[in-house]
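**Student:** Build me a structure from this.
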Amino acid sequence: MKLVLKKLPDQVAIEVEVAEDATCEDLKRQVQTDHQFDVSWQKVIFAGRIVSDEARLAEQGIKDGASLVLVVRKPDSAAAPAPAPAASTPAAAPQSPAPVATPAETQPAAAATPAADAAPVAAASTTPAFTPSDEALSAYAAPHQDQIY
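**Tutor:** Numbers count the residues shown, from 1 in each chain. Sure, this is the predicted structure:
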């Protein structure tokens, strides 16, 4: 049977021919053979539902000339470049940890004066992203009164 697949995200129409008793996985393999999209990158959608790989196309109501949606998406690991291998270095002898300054040894930093041409910077907000309501606080506090200091 001949099927029309609308490939997303670029919406290119692809025609594929598969056997009448083909499964969705057979369809994906045919797409891989014809268009070099790895089977694991493909999702086939028909009538608003993702068709499972084991499902026979005819049992899903897919007939000759049917239109399906093919979503081709590379996995995140394939899209991201591989990290460069670390340069090999000879094993170094363990070093002692760096000395830690005590508060008496540290000098206070000089107050920074803003540059005349620098744009003013807005102060960081100290308001939390979520502020519980009074009802929520009292609902929590009532059973925990003995734990509140």
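
**Student:** contacts, neighbours, all on C-alpha from now
**Tutor:** OK.

**Student:** Quick one: mean pLDDT over the lengthiest helix in the chain.
**Tutor:** Identified as the longest helix of the chain according to DSSP state H is helix 24-35. The average pLDDT within helix 24-35 is 94.

**Student:** in it, what's buried?
**Tutor:** 24-32 (16 or more other Cα atoms under 10 Å).

**Student:** Looking at these, which is nearest K2?
**Tutor:** Lowest distance from K2 to the buried residues of helix 24-35 (Cα to Cα) belongs to L27, with 10.6 Å.

**Student:** Tell me which stretches of this structure form helices.
**Tutor:** 24-35, 76-79, 134-141.

**Student:** which residues are contacting the longest helix of the chain?
**Tutor:** Residues from elsewhere that reach helix 24-35 (Cα atoms under 8 Å, 6 or more residues apart in numbering): 16-18, 37-39, 42, 44, 51-57.

**Student:** Only alpha carbons, please: show that helix as CSV.
**Tutor:** Backbone C-alpha positions of helix 24-35 (Å, rounded to 0.1, in the frame of the first residue of the first chain) are rendered in CSV as follows:
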residue,chain,number,x,y,z
CYS,A,24,4.6,0.6,12.0
GLU,A,25,8.2,-0.6,12.6
ASP,A,26,8.2,-1.9,9.0
LEU,A,27,7.1,1.6,7.8
LYS,A,28,9.8,3.3,9.8
ARG,A,29,12.4,0.9,8.4
GLN,A,30,11.2,1.8,4.9
VAL,A,31,11.5,5.5,5.7
GLN,A,32,15.0,4.8,7.0
THR,A,33,16.0,3.0,3.8
ASP,A,34,14.5,5.7,1.5
HIS,A,35,15.3,8.9,3.4
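
**Student:** Widest-spaced pair of the buried residues of helix 24-35?
**Tutor:** Most distant of the buried residues of helix 24-35, by Cα to Cα, are C24 and Q32, 12.4 Å apart.
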